[in-house]
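Provided below are the primary sequence and the corresponding predicted coordinates.
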Amino acid sequence: MKIFYKVIVIIIILSLQSCSKKEEKISKITSLNQDDELIKTYNEALESLNNGDPYYAGLKFLEAELAYPQSIWAAKSLLMASYSYYLQEDYVEARFHLERYLKSYPNDVNIIYAHYLIAMTHYDTIVDEKTDLKPLTNAKDKFNNIIKNYPNTEFAADSKYKINYINEVLASKEMYLGRFYIKKKKWIPAINRFKNIIKEYETSIFTEEAIHRLVEINYHIGLLDESKKYAMLLGYNYDSSKWYKETYKIYNKDYNKLVIKKEKKGLKKRFKALFE
């Protein structure tokens, strides 16, 4: 009787092992079939993208990612779906999927592309100095993040270039508001705007005019010492510019053009030295 039970146990064990091997084989086949199906869907999406149909491509990339989220192709599919929406200028949808990508695949090798593309979705909505500042500041923050975390990449180099442009737009915003306050004869807000250009955007094309406006306003409200300090700063750095000529006209004919021995200092250091 004992022998009979031993035989039964052995048969059951062998049967389970056999089933296990069959299930493992079926699992591998299923996995291979799923990968093949995902790759097929991915390639179909890629072909649509190359043929100029980002809308359909985005749908197919998402289909590939959502159907097989555990596949090694899933992260790339979601990233490409985001890019497809970006090409359609659907920046909100692109950012939504990019943020989902960052949360779902934080260790993916292509993660820098997501950060850069998020920055670009803000950057491409920049219009001019009269519009909302939010796209400008958002884009600048994202590009600075790329420079900080991926300093030796082509994305960092391009981010620096784009930040320079953003700073020009931000400076133009300050200039636009400063001129507006001058028209309204609101001298203190105007002064603050022009000072901000010198402090935050010293390399912008608006720096010369900002200094001139400070000469002009301070002269107008009777702060002659302040006005002359800014005139000196303008003459020191931009003595051949049209704004220096405009500044020179503010004073009478007895006001001689100041000659200062130039030293190799940054604008901020020179500016600070005048007001210590």
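On my side now, so go ahead. Numbering: from 1, shown residues only.

Y101: how many residues sit nearby?
26 (other CB atoms under 10 Å). (C-beta placed from N, C-alpha, C; glycine too.)

tell me, how many residues neighbour the nearest residue to it once chain neighbours are set aside?
Using CB to CB, 6 or more residues apart in numbering and skipping the chain neighbours, the partner closest in space to Y101 is L78 (4.8 Å). Neighbour count for L78, taken as other CB under 10 Å: 24.

repeat that for K186.
K186 has 13 nearby residues by other CB under 10 Å.

now swap in H212 and tell me
Using other CB under 10 Å: H212 sits among 23 other residues.

next: V92.
9.

let me see the backbone angles for it.
Here is the backbone geometry of V92 (degrees, to the nearest 10): phi -60, psi -50.

and what of Y201?
phi -130, psi 50.

before we move on, what about Y105?
phi -130, psi 60.

which non-adjacent residue is nearest it?
Y105 sits nearest to A75 (CB to CB, 6+ apart), 4.0 Å away.

other SSEs contacting the helix or strand hosting the one you found?
Using DSSP states H and E, A75 falls within helix 74-87. Packing contacts for helix 74-87, counted by 3 or more CB pairs under 8 Å, 6 or more residues apart in numbering; DSSP states H and E, involve helix 2-50, helix 54-67, helix 91-104, helix 111-123.

now stretch 158-176, how far from the centre of its chain.
12 Å (CA atoms, centre = their mean, to the nearest Å).

can we start the residue count at 563 from this point?
Sounds good: first residue 563 from here, last item stretch 720-738.

pLDDT of that stretch, averaged?
Mean pLDDT, computed over stretch 720-738, is 93.

which of the residues in that stretch are buried?
Applying a neighbour-count criterion of 16 or more other CB atoms under 10 Å, the buried positions in stretch 720-738 are 720-721, 724-725, 728-737.
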